[in-house]
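Student: With the input below, show me the fold.
(one chain, ligands or ions: 2)
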Amino acid sequence: MSTYLTMPVTNFKYPDPYKYQTGFDSHHDEAIEGALPVGQNSPQKAPYGLYTEKLSGTAFTAPRRENKQTWVYRILPAAAHENFIAEDVDSYHTSMTTETHKLHHIPNQLRWNPFDLDEKVDWVHGLHLIAGSGDPTLKQGLGILMYAAGKDMGKEAFYSADGDFLIVPQHGVLDIQTELGRIILRPNEICVIPRGVRYRVTLPDGPVRGYICELYQGHYELPELGPIGSNGLANARDFQAPVADFDDEEESEYKLYSKFNNTLFAARQNHTPFDVVAWHGNYYPYKYDLGRFNTIGSISFDHPDPSIFTVLTGPSDHVGTAIADFVIFPPRWLVAEGTFRPPWYHRNTMSEFMGLIAGDYDAKVGGGFQPAGASLHNVMSAHGPDSGAFEGASNAELKPAKVGDGSMAFMFESSLMVGVSEWGLKQCQKVQPEYNQHSWTPLKRHFVNPNKKA
Ligand SMILES: O=C(O)Cc1cc(O)ccc1O
Ligand SMILES: [Fe+2]
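Tutor: Ligands and ions are numbered 1, 2, ... in the order given. This is a model prediction of the structure:
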């Protein structure tokens with residue numbers, strides 16, 4: 001049985017008024033007194049005249065270890081809505097409709113200036129696909145989106161049929177009313193909203209901006225800990241799931257949005273989607289305070305692989321090779337001796353999309369990687385510390401040093417080659433044309449050839 005978690009680690013300015021239950025991949029029971037059927041899921045008549053409905057997040061026959069479902073007991077079934085109609089793309093002025101075959105696959109290192117806030121739109125209309133790989137219709141791959149919004153959603157709800165949204169806020173507070181309860185989400189917290197879960201986003205503290213990694217296949221899991229042992233990195237007990245919360249409204253006009261194969265559809269319904277009085281299961285939205293991450297690092301020498309910073313992983317069918325790893329670079333002590341402490345120069349079979357929530361990233365001192373910006377080092381695209389970071393770290397006195405105080409960089413790392421959308425490459429107008437020249441062209445030769453006569 002889970003307990004309420006009261007004390008956040010990060011010192012958030014905006015308070016969280018909601019209650020949560022804790023645990024990762026737990027089986028939660030959530031209801032007002034007497035609303036959950038006892039000893040069975042589907043009684044002839046559910047308590048209090050509720051409808052019984054099942055939300056399946058995996059195939060019925062998925063192995064027990066992977067199986068995800070939630071039973072909900074609600075005032076009216078989710079099916080009670082009018083037909084969906086595709087939204088006019090012009091009025092829906094995001095590029096979420098960019099099809100995957102229109103993605104640009106380019107080997108250049110890419111970096112984006114900070115993305116703008118956009119006060120004119122709400123959550124649904126403030127989503128922009130920036131990069132991705134695969135195809136939601138085949139349930140393969142991932143999509144990386146930026147969001148920027150300044151308006152509350154009205155009497156509206158949204159769900160994605162395409163995948164699980166991992167939301168990484170960079171600016172502003174999201175108040176997320178989901179079918180399964182309410183979540184407050186602030187920068188330095190992350191939230192996962194599984195495929196199909198309906199929700200409505202309001203903005204209690206002004207405009208918002210952030211990043212999303214949508215997993216078209218499978219679900220996010222905690223990484224294996226291997227020799228680290230039974231605790232460390234993100235601990236299961238620090239994940240927070242909502243408690244049941246419902247609106248009891250007689251008649252209510254709602255608009256329901258569906259992101260379906262990266263196209264936006266809308267349908268009307270004459271009742272609130274937020275009418276779940278009780279639920280039980282292990283398929284639910286959850287959030288996590290990145291300040292609770294128990295960071296592991298080298299206490300002897302050499303720079304370890306950043307996989308030690310994995311918060312969540314979206315696995316492929318091949319063990320240890322992710323469709324999307326969510327990796328963070330939290331404030332931490334560096335104590336390694338005789339070591340070039342920042343990341344090594346690198347070419348990777350995985351693609352690396354990075355973002356910055358706040359502060360600085362130790363591999364880039366030239367000022368070009370800024371909060372609300374991003375970078376992409378695609379499959380085998382060479383990258384590493386910029387020239388300033390190299391010079392600094394090669395000559396630094398190696399006393400214990402705290403890096404990243406007040407900062408939080410992160411990476412969506414994928415085994416797939418990631419394509420960049422039209423919006424990401426052109427429309428957003430944030431690509432830095434001289435990223436490479438600024439970062440690595442200034443690197444100097446230091447080679448002293450021992451065989452060369454003076
Ligand atoms: O490219 C990056 O900055 C991400 C990264 C960080 C690190 O510590 C080691 C390898 C790596 O790719
Ligand atoms: Fe890298």
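Student: low-confidence ranges in the stretch 1-150 of the chain?
Tutor: In the predicted model, the stretch 1-150 of the chain carries pLDDT under 70 at residues 1-8, 89-101.
Student: ok now do the residue nearest to S439 when sequence neighbours are not counted, which residues does it touch?
Tutor: With Cβ to Cβ, 6 or more residues apart in numbering as the criterion, S439 has its nearest non-adjacent residue at 3.9 Å, and that residue is D386. All C-beta atoms are positioned from the backbone trio N, CA, C, and that covers glycine. When contacts are counted by Cβ atoms under 8 Å, 6 or more residues apart in numbering, D386 touches A363, K364, V365, G366, G368, H438, S439, W440.
Student: how far away is D386 from H438?
Tutor: Applying Cβ to Cβ, to the nearest Å, the value for D386 to H438 is 7 Å.
Student: Now list whatever residues contact both of those two.
Tutor: Common neighbours of D386 and H438, using Cβ under 8 Å, 6+ apart, are G366, G368.
Student: Geometric centre of the chain: which residue is closest?
Tutor: Centroid check for the chain by Cα atoms, centre = their mean gives L166 as the closest residue, at 2.5 Å.
Student: just checking, what packs against whatever helix or strand that one lives in?
Tutor: Using DSSP states H and E, L166 maps to strand 164-171. For strand 164-171, the elements it packs on are strand 189-193, strand 208-215, strand 322-329, strand 351-358, judged by 3 or more Cβ pairs under 8 Å, 6 or more residues apart in numbering; DSSP states H and E.
Student: So how do I select the buried members of the contacts of D386 in PyMOL?
Tutor: Buried residues within the contacts of D386, by 16 or more other Cβ atoms under 10 Å, are selected in PyMOL with:
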select buried, resi 363+364+365+368+438+439+440
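Student: restrict the contacts of D386 to contacts with ligand 1.
Tutor: A363 (Cβ under 6 Å from any ligand atom).
Student: Can you tell me which of the contacts of D386 lies closest to ligand 1?
Tutor: Of all those, A363 has the smallest distance to ligand 1: 4.6 Å, by Cβ to the nearest ligand atom.
Student: Tell me which residues touch F12, please.
Tutor: Taking Cβ under 8 Å, 6+ apart, we find F12 in contact with R186, N188, E189.
Student: Show me the longest helix that occurs in the chain.
Tutor: In terms of residue count, the longest helix belonging to the chain (DSSP state H) is helix 387-395.
Student: wait, isn't T263 in contact with A86?
Tutor: Yes - with contact defined as Cβ atoms under 8 Å, T263 counts as touching A86 (6.0 Å).
Student: who has more neighbours, those two?
Tutor: Relative neighbour count places T263 above the other of T263 and A86, with 16 against 13, counting by other Cβ atoms under 10 Å.
Student: Specify the beta-bridge partners of that one.
Tutor: With DSSP bridges as the criterion, T263 is bridged to F260.
Student: What score does it have for pLDDT?
Tutor: Looking at T263, its pLDDT reads 92.
Student: cool, A454 as well?
Tutor: Listed pLDDT for A454 reads 73.
Student: now the closest residue to ligand 1 within the stretch 151-300 of the chain: how far from H303?
Tutor: Closest residue of the stretch 151-300 of the chain to ligand 1, Cβ to the nearest ligand atom: G297 (9.8 Å). Taking Cβ to Cβ as the measure, G297 and H303 are separated by 9 Å.
Student: Show me the helices in the protein, by range?
Tutor: Using DSSP H, the helices found in the chain span residues 387-395, 422, 435-439.
Student: Quick one: closest of these to S42.
Tutor: Relative to S42, the nearest member of those by Cβ to Cβ is helix 422, separated by 46.8 Å.
Student: State the mean pLDDT of that closest one.
Tutor: 94.
Student: Those residues of the stretch 301-450 of the chain touching ligand 1, which are they?
Tutor: By Cβ under 6 Å from any ligand atom, the residues of the stretch 301-450 of the chain that approach ligand 1 are P306, P343, H346, E352, A363, H377, H383, M411.
Student: ok, for the fourth one, nearest residue in space, not its chain neighbours?
Tutor: If I follow you right, that is E352. Closest residue to E352 apart from its sequence neighbours, by Cβ to Cβ, 6+ apart: H377 at 4.5 Å.
Student: before we move on, back to that, quick one, what contacts the residue of the stretch 151-300 of the chain closest to ligand 1?
Tutor: Residues near G297 by Cβ under 8 Å, 6+ apart: P304, I308, R332, W333, L334, V335, A336.
Student: do that again at 10 Å, thanks
Tutor: G297 makes contact with H303, P304, I308, F309, R332, W333, L334, V335, A336, according to Cβ atoms under 10 Å, 6 or more residues apart in numbering.
Student: For these, work out which two are farthest apart.
Tutor: Top of the distance list for the contacts of G297 (Cβ to Cβ): F309 and V335, 16.4 Å.
Student: These two: which has the busier surroundings?
Tutor: Ranked by neighbour count (other Cβ under 10 Å), F309 and V335 place F309 first, with 23 against 16.
Student: distance of the more buried one from A336?
Tutor: Between F309 and A336 the computed distance is 15 Å (Cβ to Cβ).
Student: returning to that earlier point: is it true that the residue nearest to E352 touches L110?
Tutor: Yes - using Cβ atoms under 10 Å, H377 is in contact with L110, at 8.0 Å.
Student: Would you mind listing the residues touching both of those two?
Tutor: By Cβ under 10 Å, 6+ apart, the residues touching both H377 and L110 are F353, V418.
Student: Mark which of the residues of the stretch 301-450 of the chain next to ligand 1 are buried, thanks.
Tutor: P306, P343, E352, A363, H377, H383, M411.
Student: So among these, where is pLDDT lowest?
Tutor: Least confident entry in those, by pLDDT: A363, with 86.
Student: Please look at that one and M354 and confirm they touch.
Tutor: Yes - with contact defined as Cβ under 10 Å, A363 counts as touching M354 (9.4 Å).
Student: Give me the common contacts of those two.
Tutor: Residues touching both A363 and M354 (Cβ under 10 Å, 6+ apart): F329, F369, H383, A409.
Student: if you look at those residues, which of them are in strands?
Tutor: F329, A409 (DSSP state E).
Student: Farthest pair within the shared contacts of A363 and M354?
Tutor: Across the shared contacts of A363 and M354 (Cβ to Cβ), the longest gap, 14.6 Å, separates F329 and H383.
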